[in-house]
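Peer 1: Let me see the structure of the following:
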Amino acid sequence: MALVFMIVLVGSDEMVLSPILWQISNAFRVSVSPAALAVSVYGLALALGAPVLSRIGDRKGAGAALWLGMAGFVGASALCACSTSFLEFLLARFLSGLAAGLTVPSAYALAGASVSDEFRGQALGWVVSGWSWSFILGVPLATWVDRALGWRWMFMAFGIAAILLMLFMAWSLKRSHLFLTNRAAAEVRARSATADFRRLTGVAALLIATFGNMFGFYGMYALFGVAWHLHALSSHVQSGTLLLVYGIGFATSIVTGRWADRWGRQRTLVISLVVLTAVILMLPYSMNEIGLVSISLFAWGVFQSFTVTLLTASLSEYSEVHRHQIMGWYSFATNMAVTLGPATMGWLGVRAGYATVSVLCAAITAAASGSAWLASKTAPRNLRESVGGRDRVL
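Peer 2: The predicted structure follows:
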């Protein structure tokens, strides 16, 4: 639960700038366009920092890396709250992105390392659900603090919440060895070159699948509000309400994580991506009926959460020792898709329409399913996994 709340906190911090961007613009006397750089700087720091900083987890242990990431989050939040110039605020957001780049992969790695293989999907399903809860609860609560006390106190509240979570994490893991340096590195170095090659091939294929899935998702998601507004001539409030249906569907990762453990991850991942391809293709044509589009959005959320849970669980089982680095590259692939997907599909949507965007996003998602199928051919076998600090052979 500590990991779930950490993802909720980091996700809220990542998404909260959008509704308060005009206040940041007014506070530092810059236009909205330069103020939006704070969003880009955060995402860039997270994408570039995750694969680099994740090495800390491999060397110092999952708990220590997560603790360091949250400590950086506290400092960056305080700097955001105390910024006296826009340049200082940009630096603070960059540092927040770096802290997230260490925290998120460490949270995934810790969730994967602290439970046995048969419950890994369920544990990661809970952690992944933190992103949806940050959308449903975290951002609204943060904006409430903003309205009541101001945006500076909102960032201070983030820092205080991070300190409380650090204390809770220290208490909950005080008897665990997950804070210690990973001592299984020698075993990995002794593994055969063939096994290492198979493992790296599978990781690369899953990272490509991650990028394709996230590119297809963000390309469609970023433009849905505008597409619905233009198609139904409705208010943006109604668009936001419909997207909340997607968020509710995504929150089902608490349940779908159990499915992942029960049905097998690699095989089910391919099927989930194929279903997502069909949902993305159908979405623009379901907008004639609000009930039909609501069902499509809910199904989109369910299978997107299922896919993300399967990807994180599958990647986490490839290597215990390098789990942090793999999760770091997973965050890199995700955030590069966040950066490129909306920009590319936004340009295409203006010129060709939302239906054309859906065809291209569906094609990319289908390619991701093909990459996941290739990964299933190199699934790891007989890996050593750590459960509560004790190794066992699966």
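Peer 1: Remind me what the helix or strand hosting A71 packs against, helices and strands.
Peer 2: According to DSSP states H and E, A71 maps onto helix 62-82. On a contact count with 3 or more CB pairs under 8 Å, 6 or more residues apart in numbering; DSSP states H and E, helix 62-82 meets helix 2-15, helix 37-60, helix 86-113, helix 151-172, helix 323-352. Placement of C-beta: from N, CA and C, glycine included.
Peer 1: and the last one, which residues are buried?
Peer 2: Within helix 323-352, the residues scored as buried using 16 or more other CB atoms under 10 Å are 323-339, 341-342, 344-345, 348-349.
Peer 1: quick check: longest helix of the chain.
Peer 2: In the chain, with assignment by DSSP state H, the single longest helix is helix 193-232.
Peer 1: What is the burial count for G202?
Peer 2: A total of 22 residues lie near G202 under the criterion other CB atoms under 10 Å.
Peer 1: if we can go back for a sec, orientation of the longest helix of the chain relative to helix 323-352 in degrees?
Peer 2: 30 degrees (axes from the mean of the first three to the mean of the last three CA atoms, to 10 degrees).
Peer 1: So for helix 193-232, mean pLDDT?
Peer 2: Mean pLDDT, helix 193-232: 76.
Peer 1: repeat for stretch 267-284
Peer 2: 92.
Peer 1: and it, how far from the chain's centre?
Peer 2: Centre-to-centre, stretch 267-284 and its host chain are 19 Å apart (CA atoms, centre = their mean, to the nearest Å).
Peer 1: Check what contacts that stretch and list those residues.
Peer 2: Stretch 267-284 is contacted from outside by 209, 213, 216, 220, 224, 227, 259-260, 293, 296-297, 299-300, 303-304, 306-307, 310-311, 314, 354-355, 357-359, 361-362, 365-366, 368-369, 372-373, 375-376, using CB atoms under 8 Å, 6 or more residues apart in numbering.
Peer 1: just the buried members of the residues you listed?
Peer 2: Neighbour counting with 16+ other CB under 10 Å marks 209, 213, 216, 220, 224, 227, 259-260, 293, 296-297, 299-300, 303-304, 306-307, 310-311, 314, 354, 357-358, 361-362, 365-366, 368-369, 372-373, 375-376 as buried within these.
Peer 1: Do a quick rundown of the helices in the stretch 251-394 of the chain.
Peer 2: 253-263, 265-282, 290-316, 323-352, 354-376 (DSSP state H, counting those that start in this stretch).
Peer 1: Worst mean pLDDT among the ones you listed?
Peer 2: Among those, helix 253-263 scores lowest, at a mean of 67.
Peer 1: ranking the helices and strands packed on helix 62-82 by mean pLDDT, which is last?
Peer 2: Looking at the helices and strands packed on helix 62-82, the bottom one is helix 37-60 with a mean of 75.
Peer 1: now the angle from that helix to helix 86-113?
Peer 2: Helix 37-60 runs at 40 degrees relative to helix 86-113, counting by the same axes, to 10 degrees.
Peer 1: Against which helices or strands is helix 37-60 packed?
Peer 2: Using 3+ CB pairs under 8 Å, 6+ apart, helix 37-60 is in contact with helix 2-15, helix 17-28, helix 62-82, helix 86-113, helix 323-352.
Peer 1: same thing but at 7 Å, please
Peer 2: The contact analysis (3 or more CB pairs under 7 Å, 6 or more residues apart in numbering; DSSP states H and E) places helix 37-60 against helix 17-28, helix 62-82, helix 86-113, helix 323-352.
Peer 1: In contact with the nearest residue in space to L273 that is not next to it in sequence, which residues?
Peer 2: In this structure, L273 finds its nearest non-sequential neighbour in S369, 3.5 Å apart by CB to CB, 6 or more residues apart in numbering. S369 makes contact with 270, 273-274, 277 under the criterion CB atoms under 7 Å, 6 or more residues apart in numbering.
Peer 1: Using CSV, lay out those residues together with neighbour count and distance to S40.
Peer 2: CSV is the format used below for the contacts of S369 (neighbours: other CB atoms under 10 Å; distance: CB to CB, whole Å):
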residue, neighbour count, distance to S40
V270, 19, 33
L273, 27, 28
V274, 18, 33
T277, 22, 29
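Peer 1: Closest to A47 out of these?
Peer 2: The closest of the contacts of S369 to A47 turns out to be L273 (CB to CB; 22.1 Å).
Peer 1: So which bits of stretch 134-147 are buried?
Peer 2: In stretch 134-147, counting by 16+ other CB under 10 Å, buried: 134-136, 138-139, 141-143, 145-146.
Peer 1: what does that stretch contact?
Peer 2: 8, 11-12, 15-16, 19-20, 153-154, 157, 247, 251.
Peer 1: Domain map for this structure?
Peer 2: What automatic domain parsing lists as the domains of the chain is 2-181, 190-380.
Peer 1: any idea how far the residue nearest to L273 lies from F211?
Peer 2: According to CB to CB, to the nearest Å, S369 stands 13 Å off from F211.
Peer 1: Please apply the same query to L164.
Peer 2: Applying CB to CB, the value for L164 to F211 is 34 Å.
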